[in-house]
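*Asks:* with the sequence up front, the predicted model follows.
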Amino acid sequence: MRSIARSVVLAAVLAVGGSLATLGAGQAGASIPTPPAQVGATNFTPSLPTSPSTTQDSQFYSIACANSSFCVSVGSEDVGNPLIEQWNGSSWSVATVPNPGAASELLSVSCAGPSFCVAVGDFNGAVSPLVDQWNGSTWTQVTPVNPAGSSQTSFNRVDCLSATWCMAIGFSTDLAANRLPLAEVWNGTTWSIASNAVLPAGATAGELRGVSCVSGSWCMVSGEQTVGANTVSLTEVWNGSTWTVPPSPNPSPGTFSNLASVSCTGSGFCAAVGEYGDSSHNNRNLVATWNGTSWTQNTVPDGPDTANDSLSAVACFSATACSAVGDRGTFSPFSAAALSWNGMSWTTATTPTPASSTSNVLLGVTCQTNWSCIAVGFGVIGGFSQPLAMTAPIARNGYRFDATDGGIFAYGPGAPFIGSLGGTPLNAPIVGMAVMPAGDGYYLVASDGGVFAYGSAIFFGSRGGQPLNKPIVGMAVTADGAGYWLVASDGGIFAYGDAQFHGSAGSLPLNKPVVGMTVTPDGKGYWFVASDGGIFSYGDAVFQGSTGSLVLNKPVVGMAATTSGGYYLVATDGGVFAFPTKGGPPFLGSTGSMTLNKPIVGMAAVAGGYYLSGSDGGVFTFPTSGGPTFYGSTGSIVLNKPIVGIAG
């Protein structure tokens, strides 16, 4: 062996808490059926990263990205030395990494921002667990727990929510050399065993291969267990203190099954992938989805009956958008394979073979919302395995405006209209919107904190009907679409779903009110901006600069994060400020020197540039030449209420 089907969410999931003046809880405004995911990793382009040596074997096993300018891929090279390479936005380079000794490898990596990553694996032929940590400048070996009495211990995967919380999983052995499930947790200082992962009743051995954590109190792990003479799949759920074992799919008739990887978007949706042996002893793709209570095996494309198929990794950037990667072939040569999930079904993605490669395998994948999915593995070139990377774009196209009455105006092929509150009496005006990662849903938020969900967006809670110190001024969706934050004008933060609370300015005296927020590319931090351009950073959000000490012609009204980790601020006159000022996102133009019909109320950073929107729905694209596509505007339309924002 090598290493729910979820129903489409109803078109309008509801607003609660008193933002609707005439509709009761459990209802929403006008809506249409939920469209499928508007983006997906369907077309990969291969590349060959830097190789430590063209006359030695080297390969990537895993990849993690904090943003489009910082990715880390790990593996092994030169017959048993750990390999780490880092992406800077334009090229890969080999990093200096501690070498603990012979037969060492790094099997997985996870990052919480560009200044903290954890890579795990084993050394001395899987006798001892290996952990390396990145602090923003260097990699350092860290000592985890090696369970007493274990003759072999290895970490297969790691998932980090922050610099102070990670879970690494794999196996240790008992006195009879049987493999036992192992999970350890990092608390910012030390590693400790996360209770004893359960070996299910009737099983004599087990190993964990995949992990995906929503919070420190909810993780899903996957792998395999030995029951009698059979190896069958295994999944377990961690609630912060104990483990439970939900039944996992095991196709019949079959000779074995395992789930090598799992990816969750909240506790209500996961996708797990691996392989099983059919009755003819051919390997087949095994894919299952979790609906919050149980697993369902999915129907997925397979190769010819005589071929062997295996999926090694999966990454979901929404409950309606996942990418699974692996390989297909009759042992040699292999060809890279990938599947794409659109919320309803799995389809085969294109994975071209590099011209110089004779065999290709994909072993790891990560997806960054509104940028790309990157898969890694190895290709065989000149008789030696060499690092391989493949990239598939998942950037959304099109944009939507929201008005204070909840009216929605949608433009572009990737921004369908899914519903609105236009014409519905509201207790408080709409002040913002946030789009789901796959473009197939969105939220509206009112100044009283009422939240309205459309399409694939799921309602997780609101402040509607509850007292607030200051009005809500904006919202942002998590990177996986399974949660959201609301921000008030005093910098207070309210987190729902899998959105983590990283801090707030609610207790600080502010020079000017907060007017908006945006989220880091990996969703593990956020920024607020005040009307004077002051910036407040939390989680893995890095302060890149502000206009807080400058005299502005007009107040700042919004901000937008770029995929590379920087951000833009925009003022009501359309003045644009890019941060960091050196090496950050480029200034591409503004309306600061133009006479506007109406003030600018928001901006959206997209691939190739940014959009500005006026309160009349007028749209300005930058750069003006060769920039993002202009799809239309409401600039010449008489509106019932003014536009308050734009979302790409």
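*Replies:* Noted; the coordinates are in hand.
*Asks:* show the contacting residues for the residue lying closest to Phe70 once chain neighbours are set aside.
*Replies:* Leaving out its chain neighbours, the residue that sits closest to Phe70 by Cβ to Cβ, 6 or more residues apart in numbering is Pro114, at 4.1 Å. From N, CA and C alone the C-beta is placed, and that goes for glycine too. Shown in contact with Pro114 (Cβ atoms under 8 Å, 6 or more residues apart in numbering): Ala66, Asn67, Ser69, Phe70, Gly136, Asp540, Val542, Gly565.
*Asks:* show me which strand runs longest in the protein.
*Replies:* strand 203-215 (DSSP state E).
*Asks:* how far is whatever helix or strand comes next after that strand from where the chain is centred?
*Replies:* In the C-terminal direction, the helix or strand that comes right after strand 203-215 (DSSP states H and E) is strand 218-227. On the basis of Cα atoms, centre = their mean, to the nearest Å, strand 218-227 sits 22 Å off its chain's mean C-alpha point.
*Asks:* any buried residues in whichever helix or strand comes after strand 218-227, and which?
*Replies:* Downstream of strand 218-227, the first helix or strand assigned by DSSP H and E is strand 230-238. Neighbour-count burial for strand 230-238 flags Thr231, Val232, Ser233, Leu234, Thr235, Glu236, Val237, Trp238 (criterion: 16 or more other Cβ atoms under 10 Å).
*Asks:* the fifth one reaches Ser294, doesn't it?
*Replies:* By that I understand Thr235. No: Thr235 lies out of contact with Ser294 (Cβ atoms under 8 Å); the separation is 10.3 Å.
*Asks:* what do those two both touch?
*Replies:* By Cβ under 8 Å, 6+ apart, the residues touching both Thr235 and Ser294 are Pro246.
*Asks:* each with direction, which strands does the longest strand of the chain pair with?
*Replies:* strand 218-227 (antiparallel) (DSSP bridges).
*Asks:* convert the C-alpha atoms of the partner strand to CSV, please.
*Replies:* What follows is strand 218-227, C-alpha atoms only, in CSV (Å, rounded to 0.1, in the frame of the first residue of the first chain):
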residue,chain,number,x,y,z
TRP,A,218,-12.1,19.5,17.7
CYS,A,219,-9.9,17.5,15.4
MET,A,220,-10.6,14.7,12.9
VAL,A,221,-7.8,12.2,12.3
SER,A,222,-7.7,9.4,9.7
GLY,A,223,-5.6,6.3,9.1
GLU,A,224,-5.9,2.5,9.3
GLN,A,225,-6.3,-0.3,11.8
THR,A,226,-5.6,-4.0,11.8
VAL,A,227,-8.7,-6.2,12.5
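*Asks:* identify the residues contacting Ala375.
*Replies:* 44, 63, 313, 323, 325, 336, 338, 351, 362, 364-365, 389-392.
*Asks:* which among the residues you listed gets closest to Leu588?
*Replies:* Thr391 (23.5 Å; Cβ to Cβ).
*Asks:* how many other residues sit next to that closest one?
*Replies:* Using other Cβ atoms under 10 Å, Thr391 has 17 other residues around it.
*Asks:* helix or strand for it, which one?
*Replies:* Going by DSSP H and E, Thr391 is part of strand 384-393.
*Asks:* check what pLDDT Ala148 gets.
*Replies:* At Ala148, the model reports a pLDDT of 88.
*Asks:* please pick the buried ones from the contacts of Pro114.
*Replies:* Neighbour-count burial (16+ other Cβ under 10 Å) applied to those gives Ala66, Asn67, Ser69, Phe70, Asp540, Val542, Gly565.
*Asks:* the fifth one and Phe116 touch, don't they?
*Replies:* Put plainly, it is Asp540. Yes: judged on Cβ under 8 Å, Asp540 makes contact with Phe116 at a distance of 7.3 Å.
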